[in-house]
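**Q** okay, predicted coordinates and the sequence, questions at the end:
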Amino acid sequence: MKPKIKLFVVVALSTLSLIVGWSLLYITPIFFSVLASIFVFRVYRKLLGWLKFLVIAGLLILAVQTFTYSGFGFSFEGLFYGVSFALRFLTLILLVFIFVHTTPTRKLVEAFSFLPYPLSFMLMLSLNMLPRIEDLAKTIVNAQKARGLNFKTLNVFKVYPPILIPLLSKTLEKSQQLALALQTRGFE
């Protein structure tokens, strides 16, 4: 599939998932069609590494909406909005995931060619950083395992800081290096 068509489909489905309102009647088929496309495009193996994070994020959104929608306490309206919001969030994340993992970098450049150059360049840099951040996260996880961090026995609040803090630090460091390189070359 041509990258511009893929980009159009991603933007159209993203926009549709945001403007359908809070109706589960509309967001659920969109979500399941995006979920089915993961298997059609055969990117499910790449998604397995991110599945735990996505499930935790979706459940966190659901819990926050359920218990804080009408004050503090459980409400069915909050549960309804939580499910709808979580499905929207997961739909957007999965759409971008599919687009990035099924389109080579050269084709991404072609897809963004209609945009003004600075915006196109910024989007390309952002999308190009995602696989690098993923590789960096795997390296950090392996380093923490080598140091003896046991992911299975610790709870979530003790497992993620040793991964997220170095990941955030390295990502910010690489971003600063990239910004300096762009400034040195006179990019505005």
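**A** It's in.
**Q** contacts, neighbours, all on C-alpha from now
**A** OK.
**Q** start and end of stretch 34-53, how far apart?
**A** End-to-end distance of stretch 34-53 (Cα to Cα, to the nearest Å): 18 Å.
**Q** contact partners of it?
**A** When contacts are defined by Cα atoms under 8 Å, 6 or more residues apart in numbering, stretch 34-53 is touched by residues 91, 94-95, 98, 101-102.
**Q** tell me which residues of that stretch come out buried.
**A** Residues 34-35, 37-38, 44, 47 are the ones in stretch 34-53 that count as buried (16 or more other Cα atoms under 10 Å).
**Q** tell me what whichever helix or strand residue 163 is part of is packed against?
**A** Element membership for residue 163 (DSSP states H and E) is helix 161-184. Here helix 161-184 touches helix 117-146, going by 3 or more Cα pairs under 8 Å, 6 or more residues apart in numbering; DSSP states H and E.
**Q** chain center to the helix it packs on, what's the gap?
**A** Relative to its chain's centre, helix 117-146 lies at 12 Å (Cα atoms, centre = their mean, to the nearest Å).
**Q** next, the distance between the ends of stretch 68-87.
**A** One end of stretch 68-87 to the other measures 18 Å (Cα to Cα).
**Q** for it, give the mean pLDDT please.
**A** Averaging the model's pLDDT scores along stretch 68-87 yields 86.
**Q** helices or strands next to the lowest-mean-pLDDT helix or strand in the chain in the packing?
**A** Across the helices and strands of the chain, the lowest-confidence element by mean pLDDT, DSSP states H and E is helix 156-159, at a mean of 76. For helix 156-159, there is no helix or strand it packs on, judged by 3+ Cα pairs under 8 Å, 6+ apart.
**Q** how about that helix: buried residues?
**A** In helix 156-159, counting by 16+ other Cα under 10 Å, buried: residue 159.
**Q** got a list of contacts for that helix?
**A** Outside helix 156-159, the residues that touch it by Cα under 8 Å, 6+ apart are residue 151.
**Q** could you number the chain from 4 rather than 1 from now on?
**A** Sure, I'll start counting at 4 from here, so that last one is helix 159-162.
**Q** could you check how far it is from the centre of its chain?
**A** 21 Å.
**Q** alpha carbons only: can I get that helix in CSV?
**A** Below are the C-alpha coordinates for helix 159-162, written out as CSV (Å, rounded to 0.1, in the frame of the first residue of the first chain):
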residue,chain,number,x,y,z
VAL,A,159,5.0,-2.2,39.1
PHE,A,160,6.2,0.8,41.2
LYS,A,161,9.5,-0.8,41.8
VAL,A,162,10.1,-2.3,38.4
